[in-house]
Structure formats: structure tokens, C-alpha cells
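Q: Below are the sequence and a predicted model for it; my questions follow.
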Amino acid sequence: MFNTFIVNTKNLINNIKIIRLNNPKSKICAMIKANAYGVGMRVVQKTIDKYVDYYGVSNISEAKKAYKYTKKPILIVSALPKTIDTRFSYSCHDVEDIIRLIKLNKRINIHIKINTGMNRYGFKSIKEFLLALTLIKKSKLNLQGIFTHFATADGYINEQMNRFEKFLAICKKEKFSPIIHADNSIVNEIENHSLDMVRVGFSLYNKTSDRFLPVVSIKSQITQINFVKKGELIGYNRVCVAERNMKVAIIPFGYADGFDLSYLGLKINVNGKKCQVLNICMDCFMLDITGLKLKKGDSIYILDANNPLKRYSDYNNSSEYEVMTKFSNIRARKHII
């Protein structure tokens, strides 16, 4: 294969240790959903298992995969699955979830999610929350945790936290002592609430501040060089017509690999020069390398310190999470450093 997906486990260990130092009294829940944000669930778990207390996944399928590599508790954070496996912990988002689990008449670990302003999953009504606690008391369910999710990294955090604290007060009044968790990677960096547990995903894998290091880089190579004359087409559909004589490199990384058409015109740093993406196909893209002494077979980095995720997400107005999960589709050999 021409592409290499490189995972630096030393950087991964650096990041989890930084998170540990930031949260000396809190449990750490490592979010490994979506194949550990595209990094690779197996390599992530094998690298950080001794540093974490919990794992967070999105669904039952991910939970079963994660279970192969750990004895740590696994929390399914999204919708309650149709199949319930008592080896895992489940997020409950409304009274219907609670009633459904009670009917199974089994000891099941649950975490109640509170909707404090994200308006995605979770209890929003205190009345319904009180009903849920009443039902739990009479059941075999174990209220293992209570949590919320922050929607932004600005002043809205305080509004959400104030709402969350109202639910926490009720929980305490009703004699429950669950694990309390709310901070995600970014919030934990800017406003650590020092709760019982912190859920970290993005900071594990990416450079979110000077202390954190990127875990993934993507290396490709030039598989063809074309000398294109002014007025000639480059790629499909007259998207690019050469405005001058150009030296064009073909890079085997296309929209089937997560490098979609939204990156048309993006400039990638190659040997200190910003080279423009001219067109993109399913299996490759065309890059303007005019003026560079590059030849067929030379390596270039698509993702590295000089071409970070933020460059891509800023360019197409998406998020770094989205870019990383798309790039993880790359047809490449995986190399673990």
C-alpha cells in the first residue's frame, strides 16, 4: 500500500498521563467510541488500560469489542440498545428507559444522563427525574452514575453546571451516591470541575494544547507526476483548468479514504511550501508541486505537525473530530510507533 496510518503510542501515553495529573482525585473514563476516534480501539486500550478506570463507547457492538481488551467497566453513553448485556453499564435518558430495564428484573448498572442544555439525550424534567429515582429504589437497578454533557466551551458551561447541580442535590436528598461526571476533554482543560470522574476523548488523541501531542499521522507518496500545460484539464468535470504550466503530483488518497471534495483548493504543507489541492477523485487527489524538486515515489505527509487536523476542519468548516473519523477510513497499512 502507498499510504501509512501511523499511531504514536508514546504520545498517547503522554496525553493520558497529563490528564491523570490534571485530575488526581477523579476517575478517568477514556472515550473509545468510533474506533477510538479513528485511532484504533485495540491499540488505544492496550496502551492506556492501566491508566484509566472506565471506557466509554457508543453502542453494544463497540462495548463487546472493548470488552476483549480490558477488565475495566464499560459505559454505553448513547441510546439504550435493544439487547442488554449485564457486563456493561448503560445510560438512561428518560423514564421509559428505566421502566424497560426494571422489567428485565436483573441487576444492571446504569448512569442517568441529564439534559442541561445540549438538547440531545437526557432527563430535562425534574419531575420525571424524581419519578425515575423512585422507580430505581424499588428495583434491582444500580444507579452507578449521573452525568451531563457540555455543549460549548464558553460561559454556557456555567449555565449547564447550575442546572446539573439542581439534579445532583435531588439525587443526594434521595440518598443516592452515584459517580458524578460532566467534564469532557476541552472543558476539563479550561474549567476543571473536579468531579468524581472525567470523560476524555479528543485530548487523548490530539494536540488540544501545548501539553498534549498528536497521536496520528498519515504518510502517503507520489505515485505519478504530470507536467500539465496551460489550458489543460486536471481531473474530472472541468473543476480545474490549468492557468499556467504546472507540475502536478498524484497522491493516492481520495474521497473513499475520507479526503472529500470539500478540500478542493486546500493548501498542504510539503517541504515547507504550501501546495494547492487541484482536484479530488475516489482514489487520489492532484497536488500542485510546481517549483518543488519532487519525483515519483517521494513521501509526503498529509497529516502531521505541519498539517494538523485543525487546518482541515477550519478549511471546510467542520470539526477536528469529523476529519479524524473520516480519515480513519483510509486504505492504508497501520504502523505503530
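A: That came through fine.
Q: hey, which helix is longest across this protein?
A: Longest helix in the chain, counting residues (DSSP state H): helix 156-173.
Q: Would you check how far apart Asp196 and Gly117 are?
A: According to CB to CB, to the nearest Å, Asp196 stands 21 Å off from Gly117. Quick note: C-beta positions are derived from backbone N, CA and C, even for glycine.
Q: who's more crowded, those two?
A: Taking other CB atoms under 10 Å, Asp196 and Gly117 do not tie; Gly117 has more neighbours (20 against 16).
Q: For the nearest residue to that one once chain neighbours are set aside, grab the count of nearby residues.
A: The shortest distance from Gly117 to any non-neighbouring residue, by CB to CB, 6 or more residues apart in numbering, is to Gln160 (4.7 Å). Residues lying near Gln160 (other CB under 10 Å) number 21.
Q: Next: Thr83.
A: The local packing of Thr83 (other CB under 10 Å) involves 7 other residues.
Q: From the contact counts, what lies against the helix or strand hosting Val198?
A: Assessed by DSSP states H and E, Val198 sits inside strand 197-200. Using 3 or more CB pairs under 8 Å, 6 or more residues apart in numbering; DSSP states H and E, the elements in contact with strand 197-200 are strand 27-31, strand 179-181, helix 185-190.
Q: Turn these into CSV, columns for mean neighbour count and mean pLDDT.
A: Converted to CSV, those look like this (neighbours: other CB atoms under 10 Å; pLDDT from 0 to 100):
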stretch, mean neighbour count, mean pLDDT
strand 27-31, 23, 98
strand 179-181, 22, 98
helix 185-190, 19, 90
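Q: JSON lines for the ones you listed, including distance to Ile6?
A: Formatted as JSON lines, those follow (distance: least, CB to CB, whole Å):
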{"stretch": "strand 27-31", "distance to Ile6": "21"}
{"stretch": "strand 179-181", "distance to Ile6": "32"}
{"stretch": "helix 185-190", "distance to Ile6": "22"}
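Q: and the gap between the residue nearest the centre of the chain and Glu320?
A: Centroid-nearest residue in the chain: Tyr37, 3.7 Å away (criterion: CA atoms, centre = their mean). According to CB to CB, Tyr37 stands 9 Å off from Glu320.
Q: anything in contact with each of the two?
A: Shared contacts of Tyr37 and Glu320 (CB atoms under 8 Å, 6 or more residues apart in numbering): Phe202.
Q: What separation do you get for the residue nearest to Gly117 and Asn184?
A: 12 Å.
Q: Need the overlap of contacts for these two.
A: By CB under 8 Å, 6+ apart, Gln160 and Asn184 have these common neighbours: Phe150.
Q: just the helices in the stretch 201-337 of the chain please.
A: Using DSSP state H, counting those that start in this stretch, the helices of the stretch 201-337 of the chain run over residues 202-205, 309-316, 320-327.
Q: Which one, of the ones you listed, ends up nearest to Met31?
A: Among the helices of the stretch 201-337 of the chain, the nearest to Met31 by CB to CB is helix 202-205 (7.5 Å).
Q: For the closest one, which helices and strands make contact with it?
A: If contacts are counted by 3+ CB pairs under 8 Å, 6+ apart, helix 202-205 sits against helix 9-22, helix 33-37, helix 41-48, helix 185-190, helix 320-327.
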